[in-house]
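**Q** The sequence and its predicted three-dimensional model are supplied below.
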Amino acid sequence: MASGNLNTAPPTSSAKLGSIDTGFSLTATEVLAIIAFWTILAVITAASRRLDPRVELAPSIASAVATLAFIEYAIWAGFTIPIVWLSSRFSLEGGLKIARVIFFIALGVAVAIFVDSALAAARSHFLPFPTGRRFPAGGSRLSRLEFLDDLMVYFAVLGAGIARDYFVRYRARLEQATQLQAHAAQLEAQLALAQLAALRNQLDPHFLFNTLHAVSALVERDPKGVRRMISRLSELLRYNLEESHEHETTLEKELELVRRYVEIMEIRFQGRLSVEAELEESVKQALVPSLVLQPVVENAIKHGVGDREGDARIVIRARREGSQLVLTVTDTGPGIKDEPAPESPGIGLTNTRARLSQLYGSAQSFALSNAPAGGAVAEIRLPFHTRAEPEHPFPTER
């Protein structure tokens with residue numbers, strides 16, 4: 001029998017939703033994109049400076065201008081990866097937002113001053129001023145805020161890093177949410193299976209105890225009949241143990257189980273009970289919940305035979321109506337009284353209703369009513385499906 005144990009292991013990702021640690025790892029494509037971006041920008045800048053019609057440049061100066069453009073953007077290419085790393089390592093999504101903003105601004109000023117100083121030194125080397133003139137010294141450049149242009153470039157790179165960090169975290173949240181949804185669906189399915197297993201486990205001893213009670217009723221007055229009943233009971237138990245304990249079985253096998261149970265009841269009632277089965281050939285391989293008919297037949301025997309004198313007849317019918325399988329159990333007893341019964345429904349019928357609801361949701365129904373010709377009729381409707389169909393063609397929401 002399926003145990004229905006719940007597997008409560010968490011999803012493969014141990015991070016909690018809303019606390020995403022994406023780490024940092026630039027892909028090869030991203031590294032190549034960074035290099036390509038700054039290279040293209042260097043080429044465009046060098047070409048625009050060289051081809052500017054407003055400036056006449058000597059060949060040596062034109063070459064120096066192009067070289068300086070490549071040096072400038074090579075420096076920024078080198079700074080881009082650390083800046084992107086810092087934007088991920090000290091994400092603004094974390095705590096201490098004001099402190100992190102101050103940190104990034106201070107870092108930007110330091111980086112801008114460094115880049116400006118490096119470019120000033122490179123210009124002094126490649127484009128020396130005439131004798132007696134020099135590029136402004138570092139201190140004077142700093143006082144005139146010459147580094148502001150480079151600070152703007154830093155903020156542009158930082159903005160790109162922050163945007164990437166937000167995108168990576170957003171994608172990680174989507175993946176984690178998908179994993180949690182899949183895990184929740186798995187837990188829901190396991191819970192449903194566990195509930196079904198619990199109902200089945202409750203039904204099995206109920207079935208056994210009622211059968212043993214029927215056996216005990218004949219111990220003194222019909223020992224031979226008791227031996228036959230015990231033999232039939234052993235066959236039932238063997239059948240129940242050896243057969244697969246899936247939640248569904250074919251209607252043909254379900255009727256075979258009912259037949260063995262009915263043989264025990266026929267011995268008990270000493271010829272007063274007659275049970276017949278009428279079913280269409282096309283529905284024999286239809287899948288039904290295991291042990292779905294036995295409690296209904298048991299209830300019909302209890303009220304249709306035990307509550308009256310004389311012979312009693314029970315008819316089990318099965319037919320297909322469109323996409324539904326219709327099972328009915330009709331007895332010739334006194335029928336259902338108008339006033340409600342004071343006692344609560346038995347375990348068998350209660351579990352039958354619960355299992356039908358668990359398996360098929362709103363696509364099933366179970367009803368008890370009075371038969372037109374007298375007696376009571378129990379009708380079960382459920383989606384018609386066979387093992388050839390890999391999935392249930394009906395909704396499972398409840």
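**A** Nice, thanks for sending it over.

**Q** what's the closest residue to residue 146 other than its chain neighbours in contact with, if anything?
**A** Distances taken as C-beta to C-beta, 6 or more residues apart in numbering put residue 116 closest to residue 146, at 5.6 Å, once the chain neighbours are dropped. Yep, even glycine has a C-beta here, placed from its N, CA and C like the rest. Each residue near residue 116 by C-beta atoms under 8 Å, 6 or more residues apart in numbering is listed here: 141, 146, 147, 149, 150.

**Q** tell me which strands and helices the helix or strand where residue 37 lies is in contact with?
**A** With elements taken from DSSP states H and E, the one containing residue 37 is helix 28-50. For helix 28-50, the packing partners by 3 or more C-beta pairs under 8 Å, 6 or more residues apart in numbering; DSSP states H and E come out as helix 59-89.

**Q** tell me what the helix it packs on is packed against?
**A** Contacts of helix 59-89 with other secondary structure elements, assessed using 3+ C-beta pairs under 8 Å, 6+ apart, are made with helix 28-50, helix 97-126, helix 148-216.

**Q** tell me which residues of the first one are tucked away?
**A** By neighbour count with 16 or more other C-beta atoms under 10 Å, helix 28-50 contains the buried residues 34, 38, 41, 42, 45, 46.

**Q** Make a markdown table out of these and add pLDDT.
**A** Formatted as a markdown table, the entries for those read as follows, by pLDDT from 0 to 100:
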| residue | pLDDT |
| --- | --- |
| 34 | 87 |
| 38 | 89 |
| 41 | 88 |
| 42 | 86 |
| 45 | 83 |
| 46 | 81 |
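
**Q** With distance to residue 100 added, can I get the residues you listed in a markdown table?
**A** Output for the buried residues of helix 28-50, formatted as a markdown table (distance: C-beta to C-beta, whole Å):
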| residue | distance to residue 100 |
| --- | --- |
| 34 | 23 |
| 38 | 26 |
| 41 | 28 |
| 42 | 31 |
| 45 | 32 |
| 46 | 36 |
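
**Q** ok, those residues vs residue 268, which is closest?
**A** The shortest approach to residue 268 among those belongs to residue 34, at 86.4 Å (C-beta to C-beta).

**Q** which residues sit in contact with the residue lying closest to the closest one once chain neighbours are set aside?
**A** Excluding its sequence neighbours, the residue lying closest to residue 34 (C-beta to C-beta, 6+ apart) is residue 80, at 5.2 Å. With contacts defined as C-beta under 8 Å, 6+ apart, residue 80 is in contact with 34, 38, 157.

**Q** now those as CSV including distance to residue 226?
**A** Putting the contacts of residue 80 into CSV (distance: C-beta to C-beta, whole Å) gives the following:
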residue, distance to residue 226
34, 89
38, 95
157, 92
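
**Q** if we take these, which one ends up nearest to residue 217?
**A** Checking the contacts of residue 80 against residue 217 with C-beta to C-beta, the nearest one is residue 34 at 88.0 Å.

**Q** Parallel or antiparallel, list what pairs with the longest strand seen in the chain.
**A** Counting residues, the longest strand in the chain under DSSP state E turns out to be strand 312-321. Paired neighbours of strand 312-321 in the sheet (DSSP bridges): strand 273-279 (parallel), strand 324-331 (antiparallel).

**Q** Pull out the buried residues from that strand.
**A** By neighbour count, with 16+ other C-beta under 10 Å as the criterion, the buried positions of strand 312-321 are 312, 313, 314, 315, 316, 317, 318.

**Q** now the residues you listed as JSON lines including pLDDT and distance to residue 101?
**A** Listed next are those as JSON lines, based on pLDDT from 0 to 100; distance: C-beta to C-beta, whole Å:
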{"residue": "312", "pLDDT": "82", "distance to residue 101": "86"}
{"residue": "313", "pLDDT": "87", "distance to residue 101": "87"}
{"residue": "314", "pLDDT": "91", "distance to residue 101": "81"}
{"residue": "315", "pLDDT": "92", "distance to residue 101": "82"}
{"residue": "316", "pLDDT": "94", "distance to residue 101": "77"}
{"residue": "317", "pLDDT": "94", "distance to residue 101": "77"}
{"residue": "318", "pLDDT": "95", "distance to residue 101": "74"}
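
**Q** For residue 118, give me its contacts.
**A** So, once contact is read as C-beta under 8 Å, 6+ apart, residue 118 ends up touching residue 75.

**Q** Just the pLDDT for it.
**A** With respect to pLDDT, residue 118 has a value of 86.

**Q** what's the span of stretch 367-386, first residue to last?
**A** Looking at stretch 367-386, the gap from its leading to its trailing residue is 23 Å under the measure C-alpha to C-alpha, to the nearest Å.

**Q** Report the distance from it to the chain centre.
**A** 36 Å (C-alpha atoms, centre = their mean, to the nearest Å).

**Q** buried sites along that stretch?
**A** Of the residues in stretch 367-386, those buried under the neighbour-count criterion (16+ other C-beta under 10 Å) are 368, 371, 375-385.

**Q** and what of stretch 87-102?
**A** Within stretch 87-102, the residues that qualify as buried are 87, 88, 90, 91, 100, counting by 16+ other C-beta under 10 Å.

**Q** and of those residues, the nearest to residue 299?
**A** For residue 299, the nearest member of these is residue 91. The distance, counting by C-beta to C-beta, is 64.9 Å.
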